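1. What shape does this take:
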Amino acid sequence: MNFLAIIGRVFLTFLRHVGRLSVFTGTALSHCVRPPFFPRLIGRQLVEIGYYSLPVVGLTAIFTGMVLSLQSHSGFARFSAEGATATVVVLSMTRELGPVLAGLMVAGRIGAAMAAEIGTMKVTEQIDALTTLATNPYKYLVVPRLIAGVTMLPILVLTADIIGVFGGYLIGVYKLGFNPSNYIASTWEFLEPMDVISGLVKASVFGFIIALMGCYHGSQSKGGAQGVGSATTNAVVSASILILVCNYMITELFFAQ
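-> Sure, this is the predicted structure:
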């Protein structure tokens, strides 16, 4: 009976968290489409998420493209199909690796920062002060981050795709001995608009997840500095897991036939 009680307690706790997250998500989405808005705060979050995340996303993308080019060439050499290296690099970056790696890197950087900032405001009662001053915390804290996440992550992913393909080009041409014109022609030959579009759709969903998890866990933090630390960890872990789960769902939606 104790074992069943533990299972029931865990299940009820899970349902409670799902309910809280659902209510939080619905409330945040309703405020995203209703005025007033805070353009200055939205612009600040656009810069914070987009511009300041570009170096880490760019470094991740270029080395991913370089490694992917080396690994693809090494694998295809066993079947005398080295010419497919450029195609594999561009399809892998645009469909999968660009959105997922950029999402995970931004989740580690931005999701943690959001949870820490809002969590600190929560435990120091600054959010209660906003309510006292007739300022809606959702409008002031959550909506700018959601809008910026959905807007900027596709731009980051598109940039990562370009940088990653360029990294593959550098390795393919200057290390593996590909002809530059043939490599570029192979890159464009099999690339279709849907490959890029699917990656950008994933990026928008991932941006929403990262911002939502950061804001939600930050707003749920309690217990001082230890609670803020737990909220930061939970935001990054939950965002990363949801990114991987949603990545499969979106891939199934676009490419399962």
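
2. for the stretch 151-257 of the chain, what are the low-confidence residue spans?
-> 257 (pLDDT under 70).

3. all helices for it, in order.
-> In the stretch 151-257 of the chain, the helices defined using DSSP state H, counting those that start in this stretch lie at 180-189, 193-219, 225-255.

4. With Val10 as the reference, name the closest of these.
-> Closest to Val10 of the helices of the stretch 151-257 of the chain is helix 225-255 (Cβ to Cβ; 16.2 Å). In short, each C-beta sits where N, CA and C put it, glycine included.

5. May I see the buried residues of that closest one?
-> Residues of helix 225-255 classed as buried: 227-228, 230-232, 234-236, 238-240, 242-243, 246-247, 250, 254 (neighbour count, 16 or more other Cβ atoms under 10 Å).

6. just how off-centre is that helix within its chain?
-> The chain centroid and the centroid of helix 225-255 are separated by 8 Å under Cα atoms, centre = their mean, to the nearest Å.

7. again with stretch 134-150
-> 18 Å.

8. Ends of that stretch, what's the gap?
-> 27 Å (Cα to Cα, to the nearest Å).

9. Let me know the average pLDDT across that stretch.
-> For stretch 134-150, mean pLDDT is 88.

10. Could you pull out the buried residues of that stretch?
-> Using 16+ other Cβ under 10 Å as the test for burial, stretch 134-150 gives 137-150.

11. In three-state terms, label Ala134 for me.
-> The three-state assignment at Ala134 reads coil, by DSSP: H, G, I helix; E, B strand; the rest coil.

12. what about it, distance to Pro36?
-> Distance, Ala134 to Pro36, by Cβ to Cβ, to the nearest Å: 12 Å.

13. again, but for Ala148
-> Distance from Ala148 to Pro36, by Cβ to Cβ: 17 Å.

14. One more: Leu141?
-> 14 Å.

15. Ser80 and Leu141, how far apart?
-> 57 Å.

16. correction: Ala231
-> Relative to Leu141, and taking Cβ to Cβ, Ala231 is found at 14 Å.

17. shared neighbours of these two, anything?
-> Residues touching both Ala231 and Leu141 (Cβ atoms under 8 Å, 6 or more residues apart in numbering): there are none.

18. Residue ranges in the stretch 1-150 of the chain under the pLDDT threshold?
-> Low-confidence segments of the stretch 1-150 of the chain, defined by pLDDT under 70: 1.

19. hang on, the earlier thing: what would the helices of the stretch 151-257 of the chain look like in CSV with distance to Thr27?
-> Output for the helices of the stretch 151-257 of the chain, formatted as CSV (distance: least, Cβ to Cβ, whole Å):
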stretch, distance to Thr27
helix 180-189, 45
helix 193-219, 11
helix 225-255, 18
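
20. Compare those helices and give me the one nearest Gly108.
-> Comparing the helices of the stretch 151-257 of the chain by Cβ to Cβ, helix 225-255 comes nearest, at 5.7 Å.

21. Measure how that closest one sits relative to helix 193-219, angle-wise.
-> 160 degrees (axes from the mean of the first three to the mean of the last three Cα atoms, to 10 degrees).

22. what packs against helix 225-255?
-> helix 98-106, helix 112-123, helix 193-219 (3 or more Cβ pairs under 8 Å, 6 or more residues apart in numbering; DSSP states H and E).

23. Most tightly packed of those?
-> helix 98-106 (a mean of 25; mean count of other Cβ atoms under 10 Å).

24. Contacts made by it with the rest, please.
-> Here helix 98-106 has contacts from 49, 53, 56-57, 60-61, 64, 153, 156-157, 160-161, 164, 199-200, 202-203, 206-207, 209-210, 240, 243-244, 247, using Cβ under 8 Å, 6+ apart.
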